[in-house]
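*Asks:* Sequence plus predicted model, see below.
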Amino acid sequence: MGTARERCVRCGHADNEHMRNGRCVSHRCTCRGFVATGKLERAYDAKLRAYEQAQTRALDLRDEADQAYDAWQAAAAESGEMT
C-alpha cells in the first residue's frame, strides 16, 4: 500500500486507500511506479529550467554572432575590401 507521501506517476493519485500492490486501483493505473510527492515535479521543473537557459543562451550567442558579422561587414565596406 502506498503512503501519503507517494503519488502515482501515471494519474497523480495520492490516496492510501486507492493504492494496492504498486497500483492506483481507483484509476486502474498499470504503471506500477510511485514517486515521492513533488519529486517528479521538481525533476521536470529542473529539466525545463535547464532547457530554457540553454535556449536563451543559444539565442544570445546567435545575436552576438549576427552583431559581429554586421560589424565585420561594415568594417570591410569602409576599408574597400568588399566587392
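*Replies:* It's in. Residues are numbered from 1 along each chain as shown.

*Asks:* And for Ala75, the neighbour number?
*Replies:* 11 (other C-beta atoms under 10 Å). (Glycine included, C-beta is placed from N, CA and C.)

*Asks:* per-residue pLDDT, it?
*Replies:* If you check Ala75, the pLDDT there is 92.

*Asks:* Over to Phe34?
*Replies:* 48.

*Asks:* do the same with Gln67
*Replies:* For Gln67, the predicted pLDDT is 97.

*Asks:* my hunch is that Glu81 is in a strand, does that hold up?
*Replies:* No. Per DSSP: H, G, I helix; E, B strand; the rest coil, Glu81 lies outside any strand segment and is coil.

*Asks:* Tally up the residues packed near it, please.
*Replies:* Number of residues near Glu81 (other C-beta under 10 Å) recorded here: 8.

*Asks:* what's the spacing between it and Ala65?
*Replies:* 20 Å (C-beta to C-beta, to the nearest Å).
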